[in-house]
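Participant: everything below, folded, please.
(2 chains)
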Amino acid sequence: EDKVVQSPLSLVVHEGDTVTLNCSYEVTNFRSLLWYKQEKKAPTFLFMLTSSGIEKKSGRLSSILDKKELSSILNITATQTGDSAIYLCAVGTVYNDMRFGAGTRLTVKP
Amino acid sequence: DSGVTQTPKHLITATGQRVTLRCSPRSGDLSVYWYQQSLDQGLQFLIQYYNGEERAKGNILERFSAQQFPDLHSELNLSSLELGDSALYFCASSVMHSTDTQYFGPGTRLTVL
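Facilitator: Reported below is the predicted structural model:
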């Protein structure tokens, strides 16, 4: 059965810290891996990683896909209180199905 | 604001009833996805439509159905509602039919009493 596992489930850090969130997957017919940030309501898109684009960076956030290890990491440097959210990892298949992980709840304290 | 709209924002109904949730995708997006998010199950993909046709099916119950209309808006119909159907239902849209960047609507919170 396809599965997407995120770790840790919860993380508390202080402003300025660097965090690494993990996502591992066992999904047949892999097409892409996506990271989302969910604050109060709807998830907002962060990155999409595919075989042709295994590393993405935007400001303090960056992500790498390791297709050999079937995993991805999301790095956030110089964290701010506004980074507090649930970070979701999702894997899309060639059949357009998507599997989401349970998410990592990040709390950044001032 | 993602540009995806969903109505209603909140819906309270009783077991056994039927409800319809509505979604309008971003302008220019042809693909619509429906998701269910509950505390115990997390975010679950239900179904996808692309330009009016069903494209992919996830964990959608037989009591649930969806369609996408010629103007590209979509409706999710939930019938014979059970307490366990209480959840946040999201709609997302994307330009193409592949699992590329999806933009989520604000969601409809369904409470079944």
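Participant: direction included, what does the host helix or strand of B:Gln37 pair against?
Facilitator: Taking DSSP states H and E as the criterion, B:Gln37 maps to strand B:31-38. In its sheet, strand B:31-38 lies beside strand B:42-50 (antiparallel), strand B:87-94 (antiparallel), with partners assigned from DSSP bridges.
Participant: most packed of those?
Facilitator: Highest mean neighbour count among these (mean count of other CB atoms under 10 Å in any protein chain shown): strand B:87-94, with a mean of 24. Yep, even glycine has a C-beta here, placed from its N, CA and C like the rest.
Participant: tell me the mean pLDDT for that one?
Facilitator: Mean pLDDT, computed over strand B:87-94, is 95.
Participant: ok so, going back, only alpha carbons, please: show the strand holding B:Gln37 as PDB.
Facilitator: Only the C-alpha atoms of strand B:31-38 are listed here, as PDB (Å, rounded to 0.1, in the frame of the first residue of the first chain):
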ATOM      1  CA  SER B  31      -8.400  20.700 -13.500                       C
ATOM      2  CA  VAL B  32     -10.300  20.500 -10.200                       C
ATOM      3  CA  TYR B  33      -9.400  18.200  -7.300                       C
ATOM      4  CA  TRP B  34     -11.500  17.500  -4.200                       C
ATOM      5  CA  TYR B  35      -9.900  16.600  -0.800                       C
ATOM      6  CA  GLN B  36     -11.200  15.700   2.600                       C
ATOM      7  CA  GLN B  37      -9.300  16.700   5.700                       C
ATOM      8  CA  SER B  38     -10.300  15.200   9.100                       C
END
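Participant: how far does it sit from its chain's centre?
Facilitator: Mean-position distance between strand B:31-38 and its chain equals 4 Å (CA atoms, centre = their mean, to the nearest Å).
Participant: which SS class is whichever residue of chain A sits closest to chain B?
Facilitator: Of all residues in chain A, the one sitting closest to chain B is A:Gly92 (2.8 Å; CB to the nearest CB). Assigned with DSSP: H, G, I helix; E, B strand; the rest coil, A:Gly92 falls in the strand class.
Participant: could you give the bridge partners of it?
Facilitator: A:Ser32, A:Met98.
Participant: what does chain A put close to chain B?
Facilitator: A:31-32, A:34, A:36, A:41-45, A:48, A:88, A:90, A:92-93, A:95-103 (CB under 8 Å from any CB of the partner chain).
Participant: one step back: touching, the residue of chain A closest to chain B and A:Tyr25? I think so.
Facilitator: No: between A:Gly92 and A:Tyr25 there is no contact under CB atoms under 8 Å: 10.5 Å.
Participant: list residues touching both of those two?
Facilitator: A:Leu33 (CB atoms under 8 Å, 6 or more residues apart in numbering or on different chains).
Participant: so between these two, which is more surrounded?
Facilitator: A direct count of neighbours by other CB atoms under 10 Å in any protein chain shown for A:Gly92 and A:Tyr25 places A:Gly92 higher, at 24 against 21.
Participant: and for A:Ser10, the neighbour number?
Facilitator: Quick note: A:Ser10 (other CB under 10 Å) scores 11 neighbours.
Participant: now do the same contact list for it.
Facilitator: If you count contacts by CB under 8 Å, 6+ apart, then A:Ser10 has A:104-105, A:107 around it.
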